[in-house]
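Engineer: The following comprises the amino acid sequence and a computationally predicted model.
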Amino acid sequence: MIATPSLRADRVSVDTGGRTILDDVTFEVVPGALLALVGPNGAGKSTLLGVLAGELAPSRGTVRLGERRLRELRHLERSRARAVLTQENAVSFPFSVRDVVEMGRAPWARLASLAEDEAAIDAAIDATDIRHLLTRTYPSLSGGERARVSLARVLVQDTPIVLLDEPTAALDLGHQEDVMRVARRLARAGRAVVVVLHDLSLAAAYADRIALLADGRLAAIGAPDAVLTPELIARVYRVDVDIVRHEGAPLVVPRRA
């Protein structure tokens, strides 16, 4: 894997349909850290991830990968720099699970050896617990199984930057924890990792930093303890919560009548 450059959004705004989806967002994604993007529905999390991936052009502002503007990179260059897991992972043809995972190696065709390809594929299969699914066709899988196969395809791309949009949404509790452990392990290995999450407690347990979006703006960014405060959560989510400690991390508990 090549050295990880930083990924920086500088005053990024996105307008569509006469509405501002992102408004003047600035922050940096750094190597060796897991950043969780959180916020209410419609806050702009997935749009921001699309901008960070270079798939969506900002209306204003820039995103830089190291010293270069991300949108100036050729598609193949971007594919070797960052891997992206989107919320929608449609596969039109009845490819086998192994075929789908192997597709993630496409950016490295003719550059990596067969042994490197096989090692990356095997590691991703084990990390996502899908070895028992390899001979199944992708369309035959459940939503949670598809999510894990799609994550494996992202992992085998073996990029220094990993962007994951709600990777735990369709998963049971055990596999949610597995996915977040994988994401944290990638960050500890020196990669820059961004994960969009709805579960604030899950974000607090695994993220080094949390970026909280509200109405398209960056309401706060920092360590989980600094961002996940009762006052800030009440203002952004319009619900009162208590913050309790569990194994050193803040746990967000809504107040229920």
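Structural biologist: All right, it came through fine. Just so you know, these numbers come straight off a predicted model, no measurement behind them. Numbering: from 1, shown residues only.

Engineer: Going by residue numbers, what spans are strands in this structure?
Structural biologist: In the chain, the strands defined using DSSP state E lie at 7-16, 19-29, 33-38, 60-65, 68-69, 82-85, 161-165, 192-196, 209-214, 217-222, 241-246, 249-254.

Engineer: Turn those into a markdown table, columns for mean neighbour count.
Structural biologist: For the C-beta atoms, the positions are set from N, CA and C on the backbone; glycine is no exception. Shown next, in a markdown table, are those (neighbours: other Cβ atoms under 10 Å):
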| stretch | mean neighbour count |
| --- | --- |
| strand 7-16 | 18 |
| strand 19-29 | 18 |
| strand 33-38 | 25 |
| strand 60-65 | 18 |
| strand 68-69 | 12 |
| strand 82-85 | 24 |
| strand 161-165 | 25 |
| strand 192-196 | 27 |
| strand 209-214 | 23 |
| strand 217-222 | 17 |
| strand 241-246 | 13 |
| strand 249-254 | 16 |
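
Engineer: so what's the closest residue to residue 208 other than its chain neighbours bridging to?
Structural biologist: Leaving aside its chain neighbours, residue 208 sits nearest to residue 33 (4.2 Å; criterion: Cβ to Cβ, 6 or more residues apart in numbering). Note on residue 33: beta-bridge partners by DSSP bridges are residue 192.

Engineer: What separation is there between residue 41 and residue 81?
Structural biologist: Taking Cβ to Cβ, to the nearest Å as the measure, residue 41 falls 30 Å from residue 81.

Engineer: Those two: who's more crowded?
Structural biologist: Taking other Cβ atoms under 10 Å, residue 41 and residue 81 do not tie; residue 81 has more neighbours (23 against 6).

Engineer: from what I can see residue 12 touches residue 27, true?
Structural biologist: No - judged on Cβ atoms under 8 Å, residue 12 makes no contact with residue 27 at a distance of 9.2 Å.

Engineer: what's around residue 159, how many residues?
Structural biologist: What residue 159 shows, counting by other Cβ under 10 Å, is a neighbour count of 25.
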